[in-house]
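>>> all I have is the shape, not the residue letters:
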């Protein structure tokens, strides 16, 4: 019982074990709508409007992408313009959320199993409230060990990340034996997308996905959050082509520019050489190395550094970029791990146009914010840089995906537009 109470405190869940968590849901979704007024109510053409849907969502502290059916609005007495003006106290808002089914397992129907890990199983599901598809991340709670730290990180960070290119957390349900996170459902991840198009992507689509990746990451970094596990499997894509960062289980909030963390982060193929060599002093540039690896993989259809061990990974990096020296990587010659491997002196290879410019030293890597303003994205137009954080780039008519050359049953339709 004490472990469960401690667990609830860490999640800001102050309700008894047998109750639902509408209070916690209200707390984190309330933040969703406390954004700059410039971000509210944008239409397809980028023009502001104040819709009744936005008003209802704000009053109930619900994510804007949740559309409640009329019968539930009638039940809540929120289906008329007059009702929209009635104030809701926090207590009545929590009661309203509980009444319509938030925070309850029976509100969601499990469909297919999507994947399973050490602590969690992910299911495709359906909400009985909205009839929309959702992703259910079911985390097992061990009585002796409590909640996995990855789950605590993911929830605590996602409570404060509200962006069009970051997956939305809709609901949290906890019982004595499990914690279930309810996310918006996206059809594919980037790895599946690459498989579906035969690993032959249109370069225009690479650019659109890269921009969305950098846009979401720039937002995280402005919030002083490092993702630390960027890879194609953690980039989700829906039927519109919207790309969203997901799986924040390894993410960290950093309170200072550099801090000592674990070096056992980031899947090997996307791990920067400084971390491979044991560095635990890192900041936002740790994510930018992985961004470069993902860009290369989209452009060529194959990973750039597919090592199976740390030594092989470093070997592949040095063969392409050249074995580092004190001139290319300050004080590398004093690194014990580097000296122990005894790598040959490789010369840097000429890099092709689709190969990102990698830098061994963190301070020399481009930032995500600099990335979205790079001339590479000039063809997307200026308006993509002025959108509110919570507005999709696909609200702009000039942003459209093109059919990929290796297209085979892709969910994206050819628009007939020449890029």
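Yes, it's here. The model shown is predicted, which means the values in this text are computed figures rather than measured ones.
>>> state the three-state secondary structure for residue 182.
Here residue 182 is recorded as strand under DSSP: H, G, I helix; E, B strand; the rest coil.
>>> surely it and residue 138 touch.
No - counting by CB atoms under 8 Å, residue 182 stays clear of residue 138, with 10.1 Å between them. C-beta here means a position set from N, CA and C on the backbone, and glycine is covered the same way.
>>> looking at the two, which one has more neighbours?
Per other CB atoms under 10 Å, whichever of residue 182 and residue 138 has more neighbours is residue 182, with 23 against 20.
>>> the residue lying closest to the more buried one once chain neighbours are set aside: what's it in contact with?
Nearest residue to residue 182, sequence neighbours excluded (CB to CB, 6 or more residues apart in numbering): residue 171, at 3.8 Å. By CB atoms under 8 Å, 6 or more residues apart in numbering, the residues touching residue 171 are 25, 102-103, 107, 181-182.
>>> what of residue 109?
For residue 109, the contacting residues are 125-126, 128, by CB under 8 Å, 6+ apart.
>>> make a ChimeraX selection of the buried ones in those residues.
In ChimeraX syntax, the buried subset of these is picked out as below (16 or more other CB atoms under 10 Å):
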select :125,126
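>>> tell me the secondary structure at residue 160.
Quick answer, by three-state DSSP: residue 160 is coil.
>>> tell me the spacing between it and residue 248.
Distance, residue 160 to residue 248, by CB to CB, to the nearest Å: 11 Å.
>>> how many neighbours does the nearest residue to residue 128 once chain neighbours are set aside have?
Among residues not flanking residue 128 along the chain, residue 107 sits closest, at 5.4 Å (CB to CB, 6+ apart). Neighbour count of residue 107, defined by other CB under 10 Å: 20.
>>> quick check: residue 107 touching residue 131?
No - using CB under 8 Å, residue 107 is not in contact with residue 131, being 11.6 Å away.
>>> dihedrals phi and psi, residue 235?
Here is the backbone geometry of residue 235 (degrees, to the nearest 10): phi -110, psi 110.
>>> where in this protein is pLDDT low?
1-100, 143-148, 249-266, 353-355, 407-419 (pLDDT under 70).
>>> paired strands for the helix or strand hosting the residue nearest to residue 182, with orientation please.
For residue 171, the host element (DSSP states H and E) is strand 169-174. Next to strand 169-174 in the sheet, as set by DSSP bridges, lie strand 178-184 (antiparallel).
>>> what's the strand it pairs with in contact with?
63, 65, 105, 108, 125, 127, 134-141, 147, 151, 154-155, 167-174, 246.
>>> what is the longest helix seen in the chain packed up against?
Longest helix of the chain, by residue count under DSSP state H: helix 203-222. Using 3 or more CB pairs under 8 Å, 6 or more residues apart in numbering; DSSP states H and E as the contact criterion, the elements in contact with helix 203-222 are strand 235-237, strand 243-245, helix 285-300, helix 368-372.
>>> other SSEs contacting the last one?
In other words, helix 368-372. helix 203-222, helix 285-300.
>>> try it again with 6 Å
Counting contacts by 3 or more CB pairs under 6 Å, 6 or more residues apart in numbering; DSSP states H and E, helix 368-372 is packed against helix 203-222.
>>> same question for the third one.
Helix 285-300 makes packing contacts with helix 203-222 when contacts are defined by 3+ CB pairs under 6 Å, 6+ apart.
>>> tell me the first helix or strand C-terminal of the helix it packs on.
That would be, after helix 203-222 and using DSSP H and E, strand 225-226.
>>> direction included, what does that following strand pair against?
Here strand 225-226 has these sheet partners by DSSP bridges: strand 252-253 (antiparallel).
>>> got CSV for the helices and strands packed on helix 203-222, with mean neighbour count and distance to residue 213 too?
Putting the helices and strands packed on helix 203-222 into CSV (neighbours: other CB atoms under 10 Å; distance: least, CB to CB, whole Å) gives the following:
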stretch, mean neighbour count, distance to residue 213
strand 235-237, 24, 6
strand 243-245, 24, 6
helix 285-300, 23, 6
helix 368-372, 18, 9
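>>> show me where the stretch 251-400 of the chain has helices.
With DSSP state H, counting those that start in this stretch as the criterion, the stretch 251-400 of the chain has helices at 273-276, 285-300, 310-321, 336-341, 368-372.
>>> identify whichever of those helices lies nearest to residue 209.
With CB to CB as the measure, helix 285-300 is the member of the helices of the stretch 251-400 of the chain nearest residue 209 (6.3 Å).
>>> so residue 199: helix, strand or coil?
Look at residue 199: counting by three-state DSSP, its state is coil.
>>> now it. Nearest residue, chain neighbours left out?
In space, residue 199 is closest to residue 301, 2.9 Å off (CB to CB, 6+ apart).
>>> buried residues, stretch 103-112. List them.
103-105, 107-108.
>>> farthest pair within these?
103 and 108, at 10.8 Å, using CB to CB across the buried residues of stretch 103-112.
>>> care to break this protein down by domain?
Here the domain assignment for the chain is 1-185, 188-395, based on automatic domain parsing.
>>> pretty sure residue 214 sits against residue 373.
No - using CB atoms under 6 Å, residue 214 is not in contact with residue 373; the gap is 9.4 Å.
>>> higher neighbour count, the two?
residue 214 (26 against 13).
>>> wait, what's in contact with that one?
368, 371-372 (CB atoms under 6 Å, 6 or more residues apart in numbering).
>>> would you reformat these as CSV and include distance to residue 390?
Output for the contacts of residue 214, formatted as CSV (distance: CB to CB, whole Å):
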residue, distance to residue 390
368, 18
371, 20
372, 16
